[in-house]
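Q: pasting the sequence and the predicted coordinates here, then a few questions.
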Amino acid sequence: MSFDADSYFNGPRKELYRLHKELVEIESISGDEKSVGSYLKTYLENLGYTVEWQPVPEKSGRERANLYAYKGEERNTRVLLTSHIDTVPPYFGYSVVDDRIYGRGTVDDKNCVAAMIIALEELLTEKNLKSSDVGLLFVVEEEIGGPGMQFANKHLGINSWETVIFGEPTEMKLGVGHKGIVMFNYVARGKAAHSGYPELGVNATDTLVDALYKLRHSSLPKSDLLGESTVNVGIIKGGVAGNVIPERAEAFIMIRASKDTNKIIDIVKSIAAEYENLEIEELHSVPEQLLEYDVPGFESIVLAYATDVPYLEGNFTRFLYGSGSIHVAHSDHEYVPIKELYDSVDGYKKLIEFSLAK
């Protein structure tokens, strides 16, 4: 029996699918989120929200902004729904095949943005929520270190939240926690020379390769809950020609830290210290995150990816939830199941009601 997509697209939550499609069709690669932010601002204002446009500085000077939205004039809400509006490159457009919606951002993270808005709108109608109950925060550049959420954390000036529900693809389960990050550049500096006379130069690539080998074979901390810490050497650059001893070589490295980020940093630094010509640049770390997941009716999941969770500080309960799988995010076949997108609205509604009942 074939899947009946039209029954969803033209059903009681057809606005969910219209909103999701509109969001996906607006290209919003990290750093270039103005268009999708402007669309959301107008959309929410038409629903009666007060929308605060919070410009976030961007290296190239392009304008983009976080959006903080709430009904009425009370900005200090008890519950916050939050997700990000940027995507990874490259962009590819919206399409529907069988029971799936394909396109950049369909599952990371415009599915969560759309479902959160629809969930809140339904609850406002069904449960007569107060304007001070739930707010919305949609941020930029989660995919590149989270400067949007960090900016919101510093400048929003709200300390009323009792619960924050973060949206990410979790397969409709509640995240138990996720790994932290240690990311940095190893930069080796040598001396150029003719490759036929290596004794006249200092080979930066040799130093870098040795250091990377030691790092990849180091014993990193591991967690019974979150698993192994893993190393990814994402980018390697060095040299100018095959017949020239390279005078510079560098690697961008990201370690997914399941436990004890400080110990991992010590290992990274101790390896660099073994070489006179090796430096560490742009070291950034975020510790592993443990979340609330004991809610009736929800399964749980352990996650290996990182989120904006650590960048929003406060004494509140944290949930992580959303439709779809991280396994297809960032890929050339990114998609969200049509039914999961629909059902995630109910999931957000349950989490909101559970949070307000506490």
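A: Okay, I see it. Numbering: from 1, shown residues only.
Q: which residues does residue 275 contact?
A: Shown in contact with residue 275 (Cβ atoms under 8 Å, 6 or more residues apart in numbering): 188, 207, 210, 211. (C-beta placed from N, C-alpha, C; glycine too.)
Q: among those, which are in strands?
A: With DSSP state E as the criterion, strands contain residue 188 from among the contacts of residue 275.
Q: leaving out the residues flanking it, which one is nearest to residue 288?
A: residue 180 (4.2 Å; Cβ to Cβ, 6 or more residues apart in numbering).
Q: tally of neighbours for the one you found?
A: When counting by other Cβ atoms under 10 Å, one arrives at 22 neighbours for residue 180.
Q: how near is it to residue 318?
A: Distance, residue 180 to residue 318, using Cβ to Cβ, to the nearest Å: 15 Å.
Q: repeat that for residue 121.
A: Taking Cβ to Cβ, one finds residue 121 at 23 Å from residue 318.
Q: these two: which is more packed in?
A: More crowded of residue 121 and residue 318, by other Cβ under 10 Å: residue 318, with 20 against 17.
Q: does the more buried one count as helix, strand or coil?
A: strand (DSSP: H, G, I helix; E, B strand; the rest coil).
Q: can you pull the contacts of it?
A: 163, 164, 166, 289, 291, 292, 309.
Q: one more pass at 10 Å, please.
A: Taking Cβ atoms under 10 Å, 6 or more residues apart in numbering as the contact definition, residue 318 lies against 163-166, 175, 177, 289-293, 307, 309-310, 312.
Q: closest to residue 116 among these?
A: residue 165 (7.7 Å; Cβ to Cβ).
Q: in a strand, the closest one, correct?
A: Yes. Under three-state DSSP, residue 165 sits within a strand.
Q: any idea what it is bridged to?
A: In this entry, residue 165 is beta-bridged to residue 81, residue 319, by DSSP bridges.
Q: now do it against residue 110, distance only.
A: From residue 165 over to residue 110 (counting by Cβ to Cβ), the distance is 16 Å.
Q: and the two? Which one has more around it.
A: In terms of neighbours (other Cβ under 10 Å), residue 110 is the more surrounded of residue 165 and residue 110; the figures are 31 against 27.
Q: grab the nearest non-local neighbour of that one.
A: Leaving aside its chain neighbours, residue 110 sits nearest to residue 23 (4.1 Å; criterion: Cβ to Cβ, 6+ apart).
Q: residue 318 too?
A: residue 291 is the one closest to residue 318 (Cβ to Cβ, 6+ apart), at 5.0 Å.
Q: for the one you found, which residues are in contact?
A: By Cβ under 10 Å, 6+ apart, the neighbours of residue 291 are 166, 174-178, 300, 303, 307, 309, 317-321.
Q: please repeat the previous calculation with a cut-off of 8 Å.
A: 174, 175, 176, 177, 178, 309, 318, 319, 320.
Q: try residue 278
A: By Cβ under 8 Å, 6+ apart, the contact list for residue 278 reads 186, 187, 188, 189, 207, 208, 211, 272.
Q: as CSV, these with distance to residue 69 would be great.
A: Formatted as CSV, these follow (distance: Cβ to Cβ, whole Å):
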residue, distance to residue 69
186, 42
187, 43
188, 48
189, 49
207, 51
208, 47
211, 47
272, 45
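Q: are any of those buried, and which?
A: 186, 187, 188, 189, 207, 208, 211, 272 (16 or more other Cβ atoms under 10 Å).
Q: distance of the fourth one relative to residue 11?
A: When Cβ to Cβ is applied, the distance between residue 189 and residue 11 equals 62 Å.
Q: now swap in the second one and tell me
A: From residue 187 across to residue 11, the span is 55 Å (Cβ to Cβ).
Q: same question, the fifth one
A: From residue 207 across to residue 11, the span is 61 Å (Cβ to Cβ).
Q: can you give me the domain boundaries for the chain?
A: The chain breaks down into these domains under automatic domain parsing: 6-177+289-357, 180-286.
Q: can you give me how far the first one is from the chain middle?
A: Mean-position distance between domain 6-177+289-357 and its chain equals 11 Å (Cα atoms, centre = their mean, to the nearest Å).
Q: just the strands in the stretch 51-200 of the chain please.
A: Applying DSSP state E, counting those that start in this stretch to the stretch 51-200 of the chain gives strands spanning 65-71, 79-84, 95-97, 100-102, 134-139, 163-167, 174-178, 180-189.
Q: now the ones you listed as JSON lines including mean pLDDT?
A: Below are these laid out as JSON lines (pLDDT from 0 to 100):
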{"stretch": "strand 65-71", "mean pLDDT": "97"}
{"stretch": "strand 79-84", "mean pLDDT": "98"}
{"stretch": "strand 95-97", "mean pLDDT": "97"}
{"stretch": "strand 100-102", "mean pLDDT": "98"}
{"stretch": "strand 134-139", "mean pLDDT": "98"}
{"stretch": "strand 163-167", "mean pLDDT": "98"}
{"stretch": "strand 174-178", "mean pLDDT": "95"}
{"stretch": "strand 180-189", "mean pLDDT": "96"}
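Q: so what's the closest residue to residue 164 other than its chain neighbours up against?
A: Distances taken as Cβ to Cβ, 6+ apart put residue 80 closest to residue 164, at 4.6 Å, once the chain neighbours are dropped. By Cβ under 8 Å, 6+ apart, the residues touching residue 80 are 134, 135, 136, 137, 161, 163, 164, 165, 316.
Q: tell me the spacing between the last one and residue 346.
A: Right, residue 316. For residue 316 relative to residue 346 (Cβ to Cβ), the value is 23 Å.
Q: tally of neighbours for the nearest residue to residue 189 once chain neighbours are set aside?
A: Excluding the flanking residues, the one nearest residue 189 by Cβ to Cβ, 6+ apart is residue 277, at 5.0 Å. Applying other Cβ under 10 Å, we find 18 residues neighbouring residue 277.
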